[in-house]
Structures are given as C-alpha cells and as structure tokens.
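1. got a sequence here, can you model it:
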Amino acid sequence: MHYLTFMIPIWLLYLMLTGNWALNNVVTGLILAGFVTWLVRPAQRPFAWKRLPDALIATVRYVALLLVELLVSGVQVARIVLTPSLPIKPGIIAIPSQCESDLGVALSAHAISLTPGELVVEIDDAHVMYTHVLDASDADERVAAAQQVRRNLLSRIFA
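-> Residues are numbered from 1 along each chain as shown. Presented below is the predicted three-dimensional model:
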C-alpha cells in the first residue's frame, strides 16, 4: 500500500507535465511511475506532515546553494583557463559524504560533479567520494565545508 502513496503522485505529476490525458499516455505514465517506484523502493514509514515546511525550506536553500556554487566555480574556472600561466594544481581528494542514505550520497556527488572544476570519480562502500579538482592546494578545507552544508540540508530534506 505504501508503494501506491509514492507511485500515484509521480503518475499525476507525469500527467500534469505532459498535459496529455489520452489513454495511451495515462497507461504509459502509470507504467513509468510503477517503474520509478520499483527502482527507488521507498521505505515503509509514515509521512510526517509536520516535517514538510522544514523540508521545503531546506530544498529551496539546497537549490539556491547549488546555483551559487555553480556560478562561483564557473567564474573561478573561467579565470583559471583565461590566465596564460594556467595556475592549477590538479589532484584527487577524498571527501566523506557523511550522508546516511544512498540517495543523499548520490545527490551530494551530483552537486559536486555539477560544479565546474570538480568531478566525483569514485564512491567507496564507506560513502567516501574521491573527487578530482583543478586546484587541490586548498580544496580540502573548502570542499569539506561545502559538503558539511550540503549534508545538513540533505538530512533535513530526507530525514
């Protein structure tokens, strides 16, 4: 039964986004929602409505943080590329994700990989993300601090 509470909103969202209520699209949306539900395998726990405002605020803050990180790192990478001496010290650093869920680890790795100049190349079983950075001289502290903020927001979203 808890799968239906996860599947029906996905199905309705699909129908609203496509705007097509033809029978074949309704069935296709139902199949896709079922497949996504099967892939995610939601935990069987009651939904806490009192947590919703905090989760929405954390989601907005997470998206805003991600957009700011994209803008700032894009400018930094452009400055590095346009400098004739190319002042980079590339390297791979280990960043502990500190997220309990696999979804939190995946979203955190996605946020890191989206920012220019950084790319998660591997995640081990202990949820440590090995990340290639353009300038590894001070990246440990900077990336660790950003990861801590992301982890706090993701834990508020998916708690």
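
2. so which elements touch the worst-scoring helix or strand of the chain on mean pLDDT?
-> When the helices and strands of the chain are scored by mean pLDDT, DSSP states H and E, helix 139-158 comes last with a mean of 79. Judged by 3 or more C-beta pairs under 8 Å, 6 or more residues apart in numbering; DSSP states H and E, the packing partners of helix 139-158 are helix 52-82, strand 91-96, helix 102-114, strand 128-133. All C-beta atoms are positioned from the backbone trio N, CA, C, and that covers glycine.

3. with mean neighbour count and distance to residue 6 added, can I get those in a markdown table?
-> As requested, those are exported to a markdown table (neighbours: other C-beta atoms under 10 Å; distance: least, C-beta to C-beta, whole Å):
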| stretch | mean neighbour count | distance to residue 6 |
| --- | --- | --- |
| helix 52-82 | 13 | 15 |
| strand 91-96 | 16 | 30 |
| helix 102-114 | 17 | 13 |
| strand 128-133 | 19 | 27 |
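
4. closest one to residue 32 among the ones you listed?
-> Across these, residue 32 has its closest neighbour in helix 102-114 (18.9 Å, C-beta to C-beta).
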